[in-house]
Every structure is written in C-alpha cells, then in structure tokens.
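J.: Fold the stuff below for me.
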Amino acid sequence: MSLSLDQLAEKHPIRTEFVKANGLTFEVDQCGEGEKFALLLHGFPEHSYSWRYQLPLLAELGYTAWAPNMRGYGKSSRPKGVRAYTIDHLWDDVSGLIDAKGASNTTLIAHDWGAIIAWTYVMAKLRPLERLVIMNVPHPAAGNKNVSWQQLKKSWYIFFFQIPRLPEWGLTRNDARAVGEAFRGMAIDKSRFPDEVCDVYRQNILQPGAATAMVNYYRGLFRTKRMREMNGANPPTINIPTLMVWGEEDSALGKELTYGTDEFVRDLTIRYLPNVSHWVQQEAPEKVNLYLEDFLTGNPVRA
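T.: Numbers count the residues shown, from 1 in each chain. Take a look at the predicted model:
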C-alpha cells in the first residue's frame with residue numbers, strides 16, 4: 001500500500017453510527033462502502049478506537065468495515081449481570097451485527113477478548129465466514145496444550161477478576177490510572193500511547209457500570225458448556241484461511257501458546273513481530289496493515 005496511515009485516514013474518514021442488533025444497540029465505527037464486509041472485534045480494556053489504523057485500510061481494499069464497541073463498552077448497551085456476558089450472548093452479538101449489515105460473507109478481524117469470541121465463533125459455524133484474522137490470543141486448544149506454570153502466573157488477572165467488586169475498584173481508582181498504565185506500560189514503543197490515546201481508554205472504563213461489564217467477560221468465561229467444549233482437546237477444525245499476527249513482547253501471553261495451532265486450523269499463516277507488545281495493531285500499525293493487505297488480497301503474506 002503506497003498510502004501512509006495519515007493519507008488513508010484522510011481519504012477514508014471513520015464515522016460512528018448506532019446499530020440495532022440482537023436486541024441491543026451498538027456504537028459502531030464504520031469506514032468504507034465496498035461490497036465486502038469486515039467485522040473487527042476489540043479486546044479488554046479497549047474500545048473500537050483500537051482499530052483506527054485498520055479501518056481506513058480496509059476501506060481502501062474495497063470493504064465496508066465495522067468496528068463495534070462490544071456490549072458493555074463505549075456507548076453500546078450495557079446489560080447487567082454476569083450471565084449477560086457469557087460466550088453464547090457474545091456470539092449472538094456477532095451474528096446480529098452481521099445480519100444487521102445483511103452480509104452474505106464476512107471477514108472477522110479480532111484482538112484479545114475479541115479474538116476469544118472470534119476463534120470460538122468460527123468453530124461454532126453460526127454464519128458464513130470468508131477469512132479470519134487473529135491478533136495476540138491463541139487458539140483455545142493450542143493455548144491449553146502449551147500452558148505452563150509460568151503462563152499461569154502471567155494470567156493472574158483472570159483469577160483476580162473473579163472476585164466481586166475489588167477488580168472494578170482497582171481499575172477505576174485514581175481516574176483509571178491502571179488502565180492507562182496497562183497500555184503505555186506494556187508497550188515497547190511507548191510513543192504510540194501518548195496521553196490523548198490512553199485517555200480514550202480511561203474515560204471508557206470510567207462510565208457508569210462499564211468496569212463491571214468489562215470484567216464480567218472474564219467472570220462469564222467458562223460458564224457455558226459450549227465454551228468448555230471449545231477449550232477441549234478435540235475442537236471443531238477451522239477450515240477458512242486464517243492469519244495470526246503476534247507481538248512477541250506480549251507480557252500477558254507467551255509466544256509458545258501459538259505453537260501447534262496448525263493442528264486445529266487447516267489453512268494457517270502466522271507472522272510474529274519482534275519488539276512489539278500485546279497491543280500489536282496499535283503499536284505496529286504499518287506492519288500489521290501490510291500483513292492484512294497481503295492476506296486479504298490473496299497474496300503471500302510477506303515475512
């Protein structure tokens with residue numbers, strides 16, 4: 001792609017619309033008006049804003065691209081209770097957004113918690129999908145196969161988030177300082193996370209009820225039989241072309257969790273980015289966009 005990030009953003013401005021889907025209202029950043037459809041799912045403690053560099057690229061490649069604030073985030077609906085955040089409801093949100101667009105085939109692009117939803121959604125085969133792009137979350141079965149005590153120590157926050165109320169207090173105290181530190185502190189290139197970027201995420205979690213909704217994703221993680229099946233040793237095989245992009249300096253998830261993913265994904269391409277953190281599409285958008293362009297246009301993904 002010959003256009004820079006700034007040129008893409010100027011050529012394809014992002015607009016925000018509200019979309020009714022699955023009985024909820026979703027705040028959706030949208031870009032492009034192409035015939036192809038891409039749905040981008042953000043992670044924790046993020047926001048649709050995390051896809052600001054990828055949406056204009058997708059528009060340039062002929063897509064209509066939607067990046068919703070997932071339930072509980074931004075100005076999207078915020079249902080109450082842990083059960084409202086189990087994987088079956090999150091799958092229904094994805095299906096509802098695809099149906100709201102009227103898409104006959106969809107490319108899913110996902111990071112962090114969005115990638116948990118995307119991996120399992122593809123395995124559940126709920127709607128026709130064309131391609132899958134995953135960033136810095138392992139396939140559930142591959143991750144479980146490679147998990148170690150060292151990784152369990154890195155994942156301490158998953159267990160901490162099961163405690164009532166205390167996680168919300170820790171995340172929001174001092175104007176959600178911990179959230180800003182999560183981005184800048186984990187990043188290798190900290191210049192990608194100036195105050196104005198971190199403030200988007202801080203203000204996001206400080207909205208009434210938002211912290212509880214966001215933590216409830218973790219509290220509801222294994223509360224359904226379907227989710228436990230997806231994490232088992234013999235999950236459904238993924239047959240659609242799949243690209244994994246992985247920042248190697250992820251302080252929460254080790255690179256070794258990706259090993260053996262090809263046992264569960266028939267058409268897999270993995271590209272690792274050294275000296276890049278968990279926030280891969282925000283910290284290395286130029287490289288991530290090159291990989292996306294190659295993959296989505298059917299070309300070999302450059303090494």
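J.: hey, let's count contacts and neighbours off CA atoms from now on
T.: Fine.
J.: mind listing the helices for this protein?
T.: Taking DSSP state H, the helices of the chain run over residues 5-11, 54-60, 87-101, 113-124, 140-146, 149-154, 156-160, 166-186, 195-205, 210-219, 225-230, 280-283, 285-296.
J.: Which of these has the highest mean neighbour count?
T.: Of all the helices of the chain, helix 54-60 carries the top mean neighbour count, a mean of 26, counting by mean count of other C-alpha atoms under 10 Å.
J.: Could you export that helix as CSV, CA atoms only?
T.: Output of helix 54-60 as CSV, limited to C-alpha atoms (Å, rounded to 0.1, in the frame of the first residue of the first chain):
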residue,chain,number,x,y,z
GLN,A,54,-7.0,-0.6,10.2
LEU,A,55,-10.5,0.7,9.3
PRO,A,56,-9.2,3.1,6.5
LEU,A,57,-7.0,0.4,5.1
LEU,A,58,-10.0,-2.0,4.8
ALA,A,59,-12.0,0.8,3.1
GLU,A,60,-9.1,1.2,0.6
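J.: Mind giving me the packing neighbours of it?
T.: Helix 54-60 is packed against helix 5-11, strand 24-31, strand 63-68, helix 285-296, with contacts defined by 3 or more C-alpha pairs under 8 Å, 6 or more residues apart in numbering; DSSP states H and E.
J.: ok, back up a step: any idea which of the helices of the chain scores lowest on pLDDT?
T.: Mean pLDDT is lowest for helix 225-230 out of these, coming in at a mean of 72.
J.: if we can go back for a sec, can you convert the helices and strands packed on helix 54-60 into TSV and add a column each for distance to residue 115?
T.: As requested, the helices and strands packed on helix 54-60 are arranged in TSV below (distance: least, C-alpha to C-alpha, whole Å):
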stretch	distance to residue 115
helix 5-11	24
strand 24-31	18
strand 63-68	13
helix 285-296	16
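J.: what about the ones you listed, which gets the closest to residue 104?
T.: Closest to residue 104 of the helices and strands packed on helix 54-60 is strand 63-68 (C-alpha to C-alpha; 12.8 Å).
J.: Neighbours of the closest residue to residue 283 other than its chain neighbours, how many?
T.: Excluding the flanking residues, the one nearest residue 283 by C-alpha to C-alpha, 6 or more residues apart in numbering is residue 192, at 5.8 Å. By other C-alpha atoms under 10 Å, the residues close to residue 192 number 17.
J.: so what pLDDT did residue 192 get?
T.: pLDDT, residue 192: 97.
J.: contacting residues around the residue nearest to residue 62 when sequence neighbours are not counted?
T.: Leaving aside its chain neighbours, residue 62 sits nearest to residue 34 (4.6 Å; criterion: C-alpha to C-alpha, 6+ apart). Shown in contact with residue 34 (C-alpha atoms under 8 Å, 6 or more residues apart in numbering): 59, 62-64.
J.: cool, and residue 214?
T.: Residue 214 makes contact with 44-45, 72-73, 205 under the criterion C-alpha under 8 Å, 6+ apart.
J.: What residues are bridge-paired with residue 238?
T.: Note on residue 238: beta-bridge partners by DSSP bridges are residue 265.
J.: The residue nearest to residue 276 when sequence neighbours are not counted - how many residues pack around it?
T.: Counting by C-alpha to C-alpha, 6+ apart, residue 276 lies nearest to residue 247, which is 4.7 Å off, once chain neighbours are set aside. Residues within reach of residue 247, counting by other C-alpha under 10 Å, total 25.
J.: ok, now residue 72?
T.: Number of residues near residue 72 (other C-alpha under 10 Å) recorded here: 26.
J.: do you know how far the residue lying closest to residue 147 once chain neighbours are set aside is from residue 189?
T.: Spatial nearest neighbour of residue 147, chain neighbours left out: residue 257 (6.6 Å); criterion: C-alpha to C-alpha, 6+ apart. Using C-alpha to C-alpha, to the nearest Å, residue 257 is found at 23 Å from residue 189.
J.: Of those two, which one has the most company?
T.: Using other C-alpha under 10 Å as the criterion, residue 257 and residue 189 rank with residue 257 on top: 22 against 14.
J.: Quick check: that one touching residue 136?
T.: No. Taking contacts as C-alpha atoms under 8 Å, residue 257 lies outside contact range of residue 136: 9.8 Å.
J.: ok, and the closest non-adjacent residue to residue 240?
T.: Leaving aside its sequence neighbours, residue 240 sits nearest to residue 131 (C-alpha to C-alpha, 6+ apart; 5.7 Å).
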